[in-house]
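Asks: Need a 3D model of the following:
(one chain, ligands or ions: 1)
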Amino acid sequence: MADPRKIIVTHQATPLSGVITVPGDKSISHRAVLLAALAEGKSIIRNWLPAGDTLATLEVVRALGVPVEIQKRSAHSWELRIEGRGLRGLRRPNAPLDCRNAGTAIRLLAGVMAGQSFPSVLDGSEQLRKRPMGRVTEPLRLMGADIKSEGGFAPLSLRPAALHGIEYTMPVPSAQVKSAILLAGLYTNHVVRVHQPGPARDHTERLLVAMGTIINTQDGWVTLGEAPLGGRRLLPLDMTVPGDFSSAAFPLVAATIVPHSRITIRQVGVNATRTGLLEILRAMGANVTIANQQVTGGELIADLSVEFNELHPTDVGGPTVVRAIDEFPIWAVAATQAAGAGTVRDAAELRVKEVDRIAVLAGELRRLGGQMDEHADGFTVHGPQQLRGAGVDSHDDHRLGMALAVAGLAAEGTTLVHDAACMADSFPGFVETMRQLGAAIEWVDAG
Ligand code: S3P
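Replies: So this is what the prediction gives:
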């Protein structure tokens, strides 16, 4: 059943302004808690993201017998202290491991659980059970893993098996698949090589390197070398998670489409495998500046400032797509306000995210009086479009819900975004953060 929480958005007549931060990066938060569980010793992870998706990974780690101490630094920033059990120290769970809506959780965990000496079952929500798992089960099976799935979908049943090395070319560039293979690779002494047809996010590689593992990246190949004498071991982490660029994308686009806005988002992760949207927005004429760059925990962070500017459309395709894959719902909203037609190609992946993000977004934008032409591997938006406030639905997809809320700022009148609690799957405090900038967005009481 859809959740009853909704938000109301009113046409934004005044500029957005102010300085904000966004919660910690979701991809890094999943990986940090999982890898810290496999390390030898106590890890400290600051600014960890307590979102629906990452909490699923945290609960799974606890169900595997790993003690995690939580200090809530603020509602959306936790500090975790994790007693790593070592690669072979996890405990057999006594129930299926629930990954909720989190594709990253189930796919990364598939790699880890394939290497265990006990059986396990990975499962999740009805939504997660509809997402393709063959992309991870296939290479893991080639590594020797014993995995059963329901016709390529969760639940996944894993049994102990001896894993071996692999040289694997991913048909689509996917950080989740790459990560699953590398994590399973921790359970073999052999060389593991993954070829990515495009630059998928590299947070797993960076964390593994920070934990003392040697990883080489060259010509699209990511290589985990043979195990050192004495076997593979992971050192504990002491790190701060950067702000999530994919969350920052929502206020960033909001400020590019609400006239006279000027905002700054501090300490956002700007790892180049994530920031395709910045290049796309700049090519559209957006006025974005990057300041105070520094490296923390092997990741580049910076302050992003953006000022409203007239946008003109651009076409997007090729290797930029994977570096902006989560940002196309909000990009589509920006494109409705640009003067001309903009097209995304090479993005068929959007059809297998939390929902089919092309079809569902096209339907919801239509309710706002907008239009998006669907292609098998992308879409075209003809701007500028005068959106009109209406009732829309997130379809339990956090990024669609937030994109529709930002569209509501540009629409005439008021927009109601139904099924809105899912926004906290990646960006808890989205409404409050937007309100700090003066956005006319608020929660409506349930019911
Ligand atoms: C993620 C990888 C991407 C992305 C997802 C998070 C990750 O998915 O869309 O939101 O943390 O590894 P794919 O690996 O399927 O492209």
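Asks: Now residue 344: phi and psi?
Replies: Main-chain dihedrals, residue 344, degrees, to the nearest 10: phi -110, psi 130.
Asks: I figured it was touching residue 327, is that so?
Replies: No. Using CB atoms under 8 Å, residue 344 makes no contact with residue 327, being 10.3 Å away. Backbone N, C-alpha and C define where each C-beta goes, glycine included.
Asks: can you give me the offset of stretch 47-62 from its chain's centre?
Replies: Distance of stretch 47-62 from its chain centroid, counting by CA atoms, centre = their mean, to the nearest Å, is 13 Å.
Asks: Same question for stretch 335-344.
Replies: Worked out by CA atoms, centre = their mean, stretch 335-344 lies 24 Å from the chain centre.
Asks: List the buried residues in it.
Replies: Using 16 or more other CB atoms under 10 Å as the test for burial, stretch 335-344 gives 335, 336, 337, 338, 342, 343, 344.
Asks: what sits up against it?
Replies: Stretch 335-344 has contacts (CB atoms under 8 Å, 6 or more residues apart in numbering) with 257, 284, 310-317, 321, 328, 331, 365, 370, 375, 378-385, 387, 407, 410.
Asks: that older thread, sitting in strands, which of the buried residues of stretch 335-344 do you find?
Replies: Taking DSSP state E as the definition of strands, the buried residues of stretch 335-344 contribute 342, 343, 344.
Asks: And the pLDDT at the second one?
Replies: Among the per-residue scores, residue 343 holds a pLDDT of 98.
Asks: Residue 3 too?
Replies: On pLDDT, residue 3 comes in at 69.
Asks: any idea how far the closest residue to residue 317 other than its chain neighbours is from residue 407?
Replies: Residue nearest to residue 317 in three dimensions, not counting chain neighbours: residue 345, with 3.8 Å by CB to CB, 6 or more residues apart in numbering. Distance of residue 345 to residue 407, given as CB to CB, to the nearest Å: 22 Å.
Asks: Neighbour count: the two, which is higher?
Replies: Of the pair residue 345 and residue 407, residue 407 is the one with more neighbours under other CB atoms under 10 Å, namely 31 against 16.
Asks: The stretch 1-150 of the chain: helices as residue ranges?
Replies: If DSSP state H, counting those that start in this stretch is used as the criterion, the helices of the stretch 1-150 of the chain fall at 26-38, 52-63, 103-113, 134-142.
Asks: Among those helices, which comes closest to residue 249?
Replies: For these, distance to residue 249 was read as CB to CB. The smallest value, 12.3 Å, belongs to helix 26-38.
Asks: near the ligand at all, the closest one?
Replies: Yes. With CB under 6 Å from any ligand atom as the measure, helix 26-38 is seen reaching the ligand through residue 27.
Asks: Identify the residues contacting the spatially closest residue to residue 239 that is not a sequence neighbour.
Replies: Distance criterion CB to CB, 6+ apart; nearest residue to residue 239, sequence neighbours excluded, is residue 297 at 3.6 Å. Going by CB under 8 Å, 6+ apart, residue 297 touches 206, 210, 237, 239, 240, 241, 242.
Asks: Turn the residues you listed into a markdown table, including secondary structure and pLDDT.
Replies: Below are the contacts of residue 297 laid out as a markdown table (DSSP: H, G, I helix; E, B strand; the rest coil; pLDDT from 0 to 100):
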| residue | secondary structure | pLDDT |
| --- | --- | --- |
| 206 | helix | 98 |
| 210 | helix | 97 |
| 237 | coil | 98 |
| 239 | strand | 97 |
| 240 | strand | 98 |
| 241 | coil | 98 |
| 242 | coil | 98 |
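Asks: where does this protein come near the ligand, residue by residue?
Replies: Taking CB under 6 Å from any ligand atom as the contact definition, the chain meets the ligand at 27, 104, 174, 175, 176, 179, 201, 325, 326, 349.
Asks: Strands of the stretch 201-350 of the chain, start to end?
Replies: Here the stretch 201-350 of the chain has its strands, by DSSP state E, counting those that start in this stretch, at 215-218, 221-224, 238-240, 262-269, 287-296, 299-307, 340-344.
Asks: how about those strands in CSV, adding distance to residue 151?
Replies: Formatted as CSV, these follow (distance: least, CB to CB, whole Å):
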stretch, distance to residue 151
strand 215-218, 34
strand 221-224, 29
strand 238-240, 39
strand 262-269, 36
strand 287-296, 43
strand 299-307, 38
strand 340-344, 30
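Asks: between those, which gets nearest to residue 42?
Replies: That would be, of the strands of the stretch 201-350 of the chain and by CB to CB, strand 238-240, which comes in at 9.2 Å.
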